[in-house]
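In: Only the shape, not the letters, is given here:
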């Protein structure tokens with residue numbers, strides 16, 4: 001209610017108010033059918049509870065009526081969604097301002113917005129508000145055809161593997177993922193309380209499909225997975241720097257794919273952030289004579305004694 005009250009001041013038209021009334025009605029219907037979720041949500045700190053309510057309102061409305069707009073802020077990331085039927089009414093502009101105000105109140109110095117590759121309208125809107133491209137992410141998909149079984153994971157020797165246990169593994173998984181992703185350019189660290197709702201607090205998070213690898217009781221590998229309508233999603237995969245180069249990341253991925261298949265999910269998806277590495281070969285032009293001419297002839301010049 002606080003979130004919608006603050007958004008009221010940014011409403012560009014009476015039509016936005018009508019949409020908001022519809023979402024509030026959807027919230028009441030959702031509370032009646034998901035009492036346990038509402039009970040859990042009230043235990044959250046206020047800001048994260050409101051963010052979860054906005055997300056659940058959108059989910060419910062998508063199932064029962066036209067999907068509304070909804071914003072929420074997670075750490076340095078802000079997410080704004082507007083239904084295509086509501087384009088051109090100023091809702092995107094209002095929600096961007098709402099998300100930035102929310103982030104500013106939390107002490108966030110910079111805000112990132114996530115935009116799908118084909119959403120030209122959203123990119124144009126954010127550009128008008130001073131946003132620039134920071135990084136690209138790809139999403140890859142594979143069909144889990146039973147006729148082409150996944151190779152069984154070959155776990156590195158000496159490791160204990162098991163599925164994720166919510167509550168017990170939260171802190172260790174957060175620390176490992178933060179450590180692994182801190183090596184990437186543009187990484188924004190998140191505290192556990194900010195990371196948990198968007199990573200393992202989502203309704204789609206599936207602990208039974210997520211994997212943990214331990215070495216002498218210490219978590220050295222983790223794959224957090226989600227179950228969507230018709231596919232599994234490998235949301236986060238991280239390995240400790242001390243255990244890389246041993247096939248642990250590959251084993252975590254294959255174990256997740258096999259778990260998806262066993263759960264009856266016909267396909268799997270995973271995110272990928274491409275890292276561009278520009279390599280130079282300036283020295284090639286200097287050694288071209290030695291490589292092309294001298295190296296090619298040295299076998300014959302030595303009477304067959306040397307091979308290059």
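Out: Noted; the coordinates are in hand. The model shown is predicted, which means the values in this text are computed figures rather than measured ones.
In: make it CA atoms for all contacts and neighbour counts henceforth
Out: OK.
In: For residue 213, give me its contacts.
Out: When the contact criterion is Cα atoms under 8 Å, 6 or more residues apart in numbering, the partners of residue 213 are 159, 160, 161, 162, 219, 220, 221, 222.
In: Specify the local secondary structure of it.
Out: Residue 213 falls in the strand class when you classify it by DSSP: H, G, I helix; E, B strand; the rest coil.
In: Could you pull out the buried residues of the strand ranked longest in the chain?
Out: Secondary structure of the chain read by DSSP state E shows that its longest strand is strand 218-227. Applying a neighbour-count criterion of 16 or more other Cα atoms under 10 Å, one finds 219, 220, 221, 222, 223, 224, 225, 226, 227 buried in strand 218-227.
In: need the helices for the protein, in chain order.
Out: In the chain, the segments counted as helices under DSSP state H are 2-8, 14-33, 35-41, 46-64, 91-105, 120-128, 170-181, 192-199, 248-262, 288-289, 295-301.
In: Give me the buried positions along stretch 126-140.
Out: Buried-residue list, stretch 126-140, by 16+ other Cα under 10 Å: residue 126.
In: cool, stretch 253-267 as well?
Out: By neighbour count, and taking 16+ other Cα under 10 Å as the criterion, the buried residues in stretch 253-267 are 253, 254, 255, 256, 257, 258, 259, 260, 261, 265, 266, 267.
In: hmm, who's touching it?
Out: Counting by Cα under 8 Å, 6+ apart, residues outside stretch 253-267 touching it are 141-146, 150-153, 209-211, 223, 225, 230-232, 234, 237, 268.
In: Tell me how far the closest residue to residue 305 other than its chain neighbours lies from residue 291.
Out: The shortest distance from residue 305 to any residue that is not its chain neighbour, by Cα to Cα, 6 or more residues apart in numbering, is 6.7 Å, and that residue is residue 299. Here the criterion is Cα to Cα, to the nearest Å. By it, residue 299 lies 13 Å from residue 291.
In: ditto for residue 114
Out: From residue 114 to residue 291 the distance is 48 Å (Cα to Cα).
In: low-scoring stretches of this structure, by residue?
Out: Judged by pLDDT under 70, the chain has its weakly predicted residues at 1-76, 146-150, 275-279.
In: does residue 182 really touch residue 189, like I thought?
Out: Yes: counting by Cα atoms under 8 Å, residue 182 touches residue 189, with 7.4 Å between them.
In: how distant is the longest strand of the chain from the center of its chain?
Out: Relative to its parent chain, strand 218-227 has a centroid offset of 13 Å by Cα atoms, centre = their mean, to the nearest Å.
In: and that strand, what other elements does it pack with?
Out: Using 3 or more Cα pairs under 8 Å, 6 or more residues apart in numbering; DSSP states H and E as the contact definition, the elements that strand 218-227 packs against are helix 170-181, strand 211-215, strand 232-239, helix 248-262.
In: Show residues contacting that strand.
Out: Contacts of strand 218-227 from elsewhere in the structure, counted by Cα under 8 Å, 6+ apart, are 164, 172-173, 176-177, 199-200, 204-207, 209-214, 232-240, 243, 248-249, 252-253, 256.
In: for stretch 289-299, same thing?
Out: Here stretch 289-299 has contacts from 305, 306, 307, 308, using Cα under 8 Å, 6+ apart.
In: cutoff 6 Å now
Out: Judged by Cα atoms under 6 Å, 6 or more residues apart in numbering, the contacts made with stretch 289-299 from elsewhere in the structure are 306, 307.
In: Among the buried residues of stretch 253-267, pick out the one closest to residue 135, please.
Out: Closest approach to residue 135 among these (Cα to Cα): residue 253, at 23.7 Å.
In: Distance check, the closest one against residue 206.
Out: For residue 253, the distance to residue 206 under the criterion Cα to Cα works out to 15 Å.
In: just to revisit the earlier point, which one of the helices and strands packed on strand 218-227 has the most crowded surroundings?
Out: Mean neighbour count, computed with mean count of other Cα atoms under 10 Å, is highest for strand 232-239 among these, reaching a mean of 23.
In: Which strands or helices does that strand pack on?
Out: Packing contacts for strand 232-239, counted by 3 or more Cα pairs under 6 Å, 6 or more residues apart in numbering; DSSP states H and E, involve strand 218-227, strand 267-272.
In: Can you lay out the ones you listed as a markdown table showing distance to residue 119?
Out: Supplementary listing: those in a markdown table, determined by distance: least, Cα to Cα, whole Å:
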| stretch | distance to residue 119 |
| --- | --- |
| strand 218-227 | 24 |
| strand 267-272 | 18 |
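In: Which among those is found nearest to residue 121?
Out: Taking Cα to Cα as the criterion, strand 267-272 is the member of the helices and strands packed on strand 232-239 that comes nearest to residue 121, at 23.0 Å.
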